[in-house]
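Enquirer: take a look and give me a structure for this.
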Amino acid sequence: MSLSPHSPTKRSKFEVYVGVIRALMLRDMRTRFGGSYWGYVLVVLWPVAHIFFMVAIMVFRGMPSPMGNNPILFVATGAVPALVFQYTSREAMKAIVVNRPLMYYPQVKSFDIMISRFIVETIKGFQGLLIIIGIMAILEVDLIPSEPALAISGYCMALLLGIGMGAVNIGVMSFFPGWLWGYIVITILIYITSGVFFLPHLLPTELYDIMKWNPMVQIIEWVRLAYNPQIGVTVDYYYVIGWCFGTICLGLLMERTVVRRFL
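Expert: Residues are numbered from 1 along each chain as shown. Alright, predicted model coming up:
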């Protein structure tokens, strides 16, 4: 017996899941960005304004780039990966807080909220990066790194580390809500000490060896090494990759055990 043209067709589990993620993304964008396109544009432009504000300070004070290139390029190669990590790891926790009432629906799980926020943050981050690239091209700043693949992989590592730490943060916050504010302080300290506005390897060796335990220090050096292979730093790629995928695995494990128990 054939179905009539108006008979509803049963959707697969994958189609239902995609629909849930899409609905969560749309809700996230509408509620978080003030329900308007201008709100979304403002959030995308915020890190862009942050970078050029710091460049303006360097130019005003007459500070040259420690890498010997354009000050804009120096700040961007440090601030972009740092901000990608910071926003991705921090906004995941806020997603759980804002969307917790949706978890009363059987179709919505904490993992779905986490995935939808990561997708939104990834899209927003790459849009901000494209805007920065466009502005730098207009200002005739040389954007082409000596090793493009190395630069792209460095930015991807910042994103992966942000996703992993975001997943871990959700697990911690599920039984310790105050972690949301504590982690904001931690990200500020990481941002200040990761070498965004200075070159860590020019510091005393004892201090630099301690700073290298921070994976963001090495990710920023990873990106800058792609633009200036003569910068004189050595990146432990396996250490950074271990941090990225280690935090992702730990975060997924906590989502399966801790998060589902407390949320």
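Enquirer: would you check that D236 makes contact with P215?
Expert: No - assessed by Cβ atoms under 8 Å, D236 is found out of contact with P215, at 9.2 Å. C-beta coordinates here come from the backbone N, C-alpha and C atoms, glycine included.
Enquirer: now do the same contact list for Y208.
Expert: Applying Cβ atoms under 8 Å, 6 or more residues apart in numbering to Y208 gives the contacts 200-201.
Enquirer: circling back: which one's more surrounded, D236 and P215?
Expert: Between D236 and P215, counting by other Cβ atoms under 10 Å, P215 is the more crowded of the two (26 against 14).
Enquirer: so how far is the helix or strand containing A95 off the chain centroid?
Expert: According to DSSP states H and E, A95 maps onto helix 71-99. From the chain centre to the centre of helix 71-99 is a distance of 4 Å (Cα atoms, centre = their mean, to the nearest Å).
Enquirer: tell me the pLDDT of R260.
Expert: pLDDT recorded at R260 is 69.
Enquirer: which element is M254 on?
Expert: Taking DSSP H and E as the definition, one finds M254 inside helix 237-254.
Enquirer: before we move on, what about V48?
Expert: Going by DSSP H and E, V48 is part of helix 37-60.
Enquirer: what's the angle between that helix and helix 71-99?
Expert: Relative orientation of helix 37-60 versus helix 71-99 (axes from the mean of the first three to the mean of the last three Cα atoms, to 10 degrees): 150 degrees.
Enquirer: my read is that R117 contacts V98, right?
Expert: No - applying Cβ under 8 Å, one finds R117 not in contact with V98, separated by 9.3 Å.
Enquirer: neighbour count for those two, which is higher?
Expert: Counted by other Cβ under 10 Å, R117 and V98 do not tie: R117 has more neighbours, with 26 against 16.
Enquirer: what helix or strand does that one sit in?
Expert: Assigned by DSSP H and E, R117 falls within helix 110-138.
Enquirer: what's the mean pLDDT across the helix or strand just after that helix?
Expert: Sequence order places helix 148-175 as the next helix or strand after helix 110-138, per DSSP H and E. The predicted model assigns helix 148-175 a mean pLDDT of 90.
Enquirer: show me which residues of helix 148-175 are buried.
Expert: 150-151, 153-155, 157-174 (16 or more other Cβ atoms under 10 Å).
Enquirer: next, the angle helix 237-254 makes with it.
Expert: Per the same axes, to 10 degrees, the angle that helix 148-175 makes with helix 237-254 is 30 degrees.
Enquirer: where does this protein have low pLDDT?
Expert: 1-9, 32-37, 68-69, 260, 262-263 (pLDDT under 70).
Enquirer: redo that, cut-off 50
Expert: Across the chain, the ranges flagged by pLDDT under 50 are 1-3, 7.
Enquirer: report all helices and strands that the helix holding R117 contacts.
Expert: Here helix 110-138 touches helix 13-32, helix 37-60, helix 71-99, helix 148-175, going by 3 or more Cβ pairs under 8 Å, 6 or more residues apart in numbering; DSSP states H and E.
Enquirer: which strands or helices does the longest one pack on?
Expert: Pointing back at helix 71-99 there. In terms of contacts (3+ Cβ pairs under 8 Å, 6+ apart), helix 71-99 is packed against helix 13-32, helix 37-60, helix 110-138, helix 148-175, helix 179-193, helix 215-227.
Enquirer: which other residues reach stretch 169-180?
Expert: 89-90, 92-94, 96-97, 110, 114, 183, 250-251, 254-255, 258-259, 261-263.
Enquirer: circling back to that earlier point, next, the angle from the helix holding R117 to helix 237-254.
Expert: 140 degrees.
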